[in-house]
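Undergrad: Predicted model and sequence follow; I will ask about them next.
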Amino acid sequence: MSHQAQSRQTTIAAIATPAGRGGVGIVRISGPNALPIIQQISTLKEPLEPRLATFTYWLDQQGDVLDHGLVVYFQHPHSYTGEDVVEIQGHGSPVLLRALLERLYQLGCCPAEPGEFTRRAVENGKINLSQAEAVAACIDAATVRAGKQAQRQLQGAFGQHIEDLMQKLTGEVAHLEASLDFPEEEIPDRFFEQIAKQLQENVLDPIKALLATATLGERLFDGAVVAIIGAPNVGKSSLLNALSGRDRAIVSDIPGTTRDVLEIDFEVHGIPVRLADTAGLRVSDDLVEQEGVRRAKLTAKHADATILVADASRPETWEISDEVDIYLMNKIDLVHDDIPDRFMHVSIKQDGNLESLTDALALQLGDTHLADDGLLVTRERHRLILQQTVAHLQMGLDTLHHEEHMDLTAMEWRRAWSLLGSILGIGDVEYILDRVFSEFCIGK
């Protein structure tokens, strides 16, 4: 039996609020028996009115009170899942919530799988798959900017854009296949050239523009690691403190104060960043310092961006390397001459304003003019699909110039259409849903 067929027959329940104690705890029920079950467990005398909060007590198997609070009924299809849904709002005690959940299981509810409420919403046509993924993104958003992007996608803007691309691609495939189905008809001059032009402008170029936002989009939710490197005593720890706005790293005139990697979380233009202050890079006989240098190099190697800090008064610290993304010349108040053009000038202790550095760092992390807070590709799954789509569209264009291979062009473009559809959940739906909802939390 498929998951969708099974979901039509079962009623599921789960705690919908985070683990731990709180003022309010919510248990969610969805399925054909949601209403009869809530009538059995509560002291309700009258049928529940849809979308009206009603006070009641909930009873255990012996008829003793488990808890009391509000119950809200959402009648199908006007609910989150498209089924009958009941939400129980009681006290946020993990013990009470678990006891309530166990009682629901006794009355016939099944434990909800991770993301099963949202999966049912997709299967019942309430939202498409890209919107379902946006639900998870709303939960995982670590910054306001990420949350706004997730909300934009949850409202359907990203899915609508994909649908528009699919519709335009359908038109081009239809024109092409018409020429294949009716070869005896006279083909207008520049027919294939016009199809290629429209495909390029209306489908391929917009997808490439969307792909250009993927670096920023994914980092809004996955975050980025930025390593601060440089010689001892150039101001790396001072930079970490200044950027984070907290006095976390020990600052000293003694070289080699930082022996290990010190990390702190903050955000740059709404991008969650883990900033790593590393040991000063130098040759040392000290075994502990040698290990610190090794860890510093390893951190820099795997970082999404690196900031090299140099001391304007010590030319030996002005190292240039292809592995460095941003060069920062500290203590510029001490020296003003012969500074390499590649370095940004700053006096960390005196400036206090590092806006130019954070702008450069945001740019390095993908916050370009292409990412104007419109639609962004925020998930690896979408990026990989769009990359494959571009490849099939391009292969179709390449074969379009040879009339004897037009059937191959149509085949490549149909594959591209199917790939775009998989973003919305069109295609091998069961496989796609299994993969996506395995990442969800229970209760959502």
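TA: That came through, no problem. Numbering: from 1, shown residues only.
Undergrad: Which secondary structure elements does the longest helix along the chain sit against?
TA: Longest helix in the chain by number of residues (criterion: DSSP state H): helix 157-181. On a contact count with 3 or more C-beta pairs under 8 Å, 6 or more residues apart in numbering; DSSP states H and E, helix 157-181 meets helix 129-140, helix 191-199, helix 205-211, helix 406-424. The way it works is simple: take the backbone N, C-alpha and C, and place the C-beta from them, glycine included.
Undergrad: Please enumerate the helices of the stretch 201-350 of the chain.
TA: Under the criterion DSSP state H, counting those that start in this stretch, helices of the stretch 201-350 of the chain are mapped to 205-211, 214-222, 236-244, 287-302, 348-351.
Undergrad: if we can go back for a sec, show me the least confident stretch of the helices and strands packed on helix 157-181, going by mean pLDDT.
TA: The weakest mean pLDDT among these belongs to helix 191-199, with a mean of 84.
Undergrad: quick one on the thing from earlier: a markdown table please, covering the helices and strands packed on helix 157-181 and showing mean neighbour count and distance to L308.
TA: What follows is the helices and strands packed on helix 157-181, written out as a markdown table (neighbours: other C-beta atoms under 10 Å; distance: least, C-beta to C-beta, whole Å):
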| stretch | mean neighbour count | distance to L308 |
| --- | --- | --- |
| helix 129-140 | 22 | 32 |
| helix 191-199 | 17 | 45 |
| helix 205-211 | 16 | 30 |
| helix 406-424 | 20 | 39 |
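Undergrad: quick one, what contacts E319?
TA: A231, L308, A310 (C-beta atoms under 8 Å, 6 or more residues apart in numbering).
Undergrad: how deep is the last one tucked in, by neighbour count?
TA: Here the neighbour count serves as a burial measure; for A310 (other C-beta atoms under 10 Å) it reads 25.
Undergrad: For the nearest residue to it once chain neighbours are set aside, give me its contacts.
TA: Spatially, and ignoring its direct neighbours in sequence, A310 is nearest to T317 (4.4 Å; C-beta to C-beta, 6 or more residues apart in numbering). The neighbours of T317, taking C-beta under 8 Å, 6+ apart as the test, are G230, A231, V234, A310, D311.
Undergrad: what sits up against the longest helix of the chain?
TA: Under C-beta under 8 Å, 6+ apart, the answer for helix 157-181 is 128, 130-131, 134, 152-153, 185, 187, 191, 195, 198-199, 202-203, 206-207, 210, 375, 400, 406-407, 409-410, 413-414, 416-417, 420-421, 423-424.
Undergrad: Relative to K331, which of the contacts of T317 is nearest.
TA: Of all the contacts of T317, K331 sits closest to D311, with 5.4 Å by C-beta to C-beta.
Undergrad: my guess is that closest one contacts L328, does it?
TA: No. If you go by C-beta atoms under 8 Å, D311 and L328 don't touch, sitting 10.4 Å apart.
Undergrad: any shared contact partners between those two?
TA: Common contact partners of D311 and L328 (C-beta under 8 Å, 6+ apart): none.
Undergrad: can you pull the buried residues of stretch 374-385?
TA: Residues L375, L376, V377, T378, R379, R381, H382, R383, I385 are the ones in stretch 374-385 that count as buried (16 or more other C-beta atoms under 10 Å).
Undergrad: Lowest pLDDT pick from those residues?
TA: L375 (87).
Undergrad: could you list every residue that touches it?
TA: So L375 contacts R152, Q153, A157, F158, H161, L210, T213 (C-beta under 8 Å, 6+ apart).
Undergrad: How much space separates it from D333?
TA: As judged by C-beta to C-beta, to the nearest Å, L375 and D333 stand 44 Å apart.
Undergrad: Next: I320.
TA: 23 Å.
Undergrad: quick revisit: could the helices and strands packed on helix 157-181 be laid out in a markdown table, adding distance to Y73?
TA: Shown next, in a markdown table, are the helices and strands packed on helix 157-181 (distance: least, C-beta to C-beta, whole Å):
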| stretch | distance to Y73 |
| --- | --- |
| helix 129-140 | 22 |
| helix 191-199 | 50 |
| helix 205-211 | 41 |
| helix 406-424 | 30 |
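Undergrad: closest to L363 out of these?
TA: Each of these was scored for nearness to L363 using C-beta to C-beta, and the closest is helix 205-211 (18.0 Å).
Undergrad: just to revisit the earlier point, any chance of the contacts of T317 in a markdown table, with pLDDT and distance to D84 too?
TA: Putting these into a markdown table (pLDDT from 0 to 100; distance: C-beta to C-beta, whole Å) gives the following:
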| residue | pLDDT | distance to D84 |
| --- | --- | --- |
| G230 | 86 | 62 |
| A231 | 86 | 67 |
| V234 | 84 | 65 |
| A310 | 88 | 66 |
| D311 | 88 | 68 |
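Undergrad: List the buried residues in stretch 387-395.
TA: So, applying 16+ other C-beta under 10 Å, buried residues of stretch 387-395: T389, V390, H392, L393, M395.
Undergrad: Same check on stretch 165-178?
TA: So for stretch 165-178, counting by 16+ other C-beta under 10 Å, buried means L165, M166, K168, L169, E172, V173, L176, E177.
Undergrad: Just the pLDDT for the fourth one.
TA: It stands for L169. pLDDT at L169 comes out at 90.
Undergrad: now do the first one
TA: On the pLDDT scale, L165 is placed at 95.
Undergrad: that older thread, between I320 and D333, which has more neighbouring residues?
TA: Just comparing I320 and D333: by other C-beta under 10 Å the higher neighbour count belongs to D333, 14 against 11.
Undergrad: Distance-wise, check that one relative to Q350.
TA: For D333 relative to Q350 (C-beta to C-beta), the value is 6 Å.
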